[in-house]
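Peer 1: got a predicted structure plus its sequence, pasted below:
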Amino acid sequence: MAGEASGPVRRVCGGNGTVALIETEHLTKVYEVGESTVHALDDVSLAIAQGEFVAIMGPSGSGKSTFMNVIGCLDEPTAGRYLLDGTDIGHRGRDELAEIRNKKIGFVFQGFNLLPRTSALENVELPMLYDGASPRDRRLRAAAALKAMGLEGWEHHHPNQLSGGQQQRVAIARALVNRAPLILADEPTGNLDTRSSVEIMELFVRLNREAGITIILVTHEQDIAAFSRRVVRFRDGRIVSDEPQQPAGGDAGGNPGRSVPESAPETDRGGRLG
Ligand code: ADP
Ligand code: MG
């Protein structure tokens, strides 16, 4: 999506000429814990193009969350380089990183991370508090994002008045409201029942196909990873496999944004993307 004019490095990902949204080169993250050293990330080089839908898998402790934190600009690597949309993320101040995060990345977490005693609408307005939007504009955009998530009529409910699936949809609306090109989701269905998990995954599929949003999602469940188009597996801080796959559910061979799938994307809830 919108590239930064200032980013001089425009890498190409794969053979199809797409620009890499995420590019890591030899990323390493080392934690010193007492006497011992943990290599949470160990020489991780990976490129993810705009418009991809990637599942990150691997056993507990394999470095998945550390990787997400680094590419989410929440944590700095010990060594290696990270380019986000062509911009080198290294050695930037807190404020600059916060601004990059706010513009480029929407986060979705396992525990929803909504503010309690705060309405769904106000939760979704939060990311816009820092970007100078007028209160009226904030409200309109938040309401539109909630509507896109099928939550029209639930704007004034508080998180504890919503089901887990609804809370996660509020969190996705919050992730979308700044029109970030990238969503990072760490175990987004980890606290949900099967039905709500499938609903959430179908929303991600739609956002990916219809809005071209790049989605990178951590899961340890094969059924959840099956919605993605590419599976990257970590073990002991390293990438041990990286495979494309035909996503479950919906068209089998479509390549969103680049070719027209034989079967059109679901349109039953079309228009809600706002
Ligand atoms: P995953 O998300 O795959 O379960 P993590 O990225 O959370 O794995 O952790 C990778 C490794 O780094 C683990 O051995 C974990 O104990 C260690 N680790 C993660 N965060 C910290 C930290 N803040 N301090 C020390 N060790 C950490
Ligand atoms: Mg984790």
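Peer 2: Everything's here; your move. Ligands and ions are numbered 1, 2, ... in the order given.
Peer 1: where in the stretch 151-274 of the chain is pLDDT low?
Peer 2: Low-confidence segments of the stretch 151-274 of the chain, defined by pLDDT under 70: 249-274.
Peer 1: quick one, strands of it?
Peer 2: 182-186, 214-218, 230-235, 238-244 (DSSP state E, counting those that start in this stretch).
Peer 1: again with the stretch 1-150 of the chain
Peer 2: Going by DSSP E, counting those that start in this stretch, the stretch 1-150 of the chain shows strands at 12-13, 18-33, 36-49, 53-57, 79-84, 87-88, 105-109.
Peer 1: does any part of the third one sit near ligand 1?
Peer 2: This means strand 36-49. Yes. Residues of strand 36-49 contacting ligand 1 under C-beta under 6 Å from any ligand atom: 38, 40. (C-beta placed from N, C-alpha, C; glycine too.)
Peer 1: contact partners of that strand?
Peer 2: Residues outside strand 36-49 that contact it (C-beta atoms under 8 Å, 6 or more residues apart in numbering): 11, 13-14, 16, 18-32, 54, 63, 66-67, 70, 77, 80, 214, 216, 232, 236-239, 242.
Peer 1: is that strand anywhere near ligand 2?
Peer 2: No. Using C-beta under 5 Å from the ion, strand 36-49 stays clear of ligand 2, with a minimum separation of 10.3 Å.
Peer 1: who's in contact with residue 198?
Peer 2: No contacts exist for residue 198 under C-beta under 8 Å, 6+ apart.
Peer 1: pull the contacting residues for the closest residue to ligand 2 within the chain.
Peer 2: The minimum distance from the chain to ligand 2, using C-beta to the ion, falls at residue 65 (3.2 Å). Each residue near residue 65 by C-beta under 8 Å, 6+ apart is listed here: 186, 218.
Peer 1: apply 6 Å and report the result again.
Peer 2: residue 186 (C-beta atoms under 6 Å, 6 or more residues apart in numbering).
Peer 1: doesn't residue 28 make contact with residue 79?
Peer 2: Yes. Under the criterion of C-beta atoms under 6 Å, residue 79 makes contact with residue 28 at 4.3 Å.
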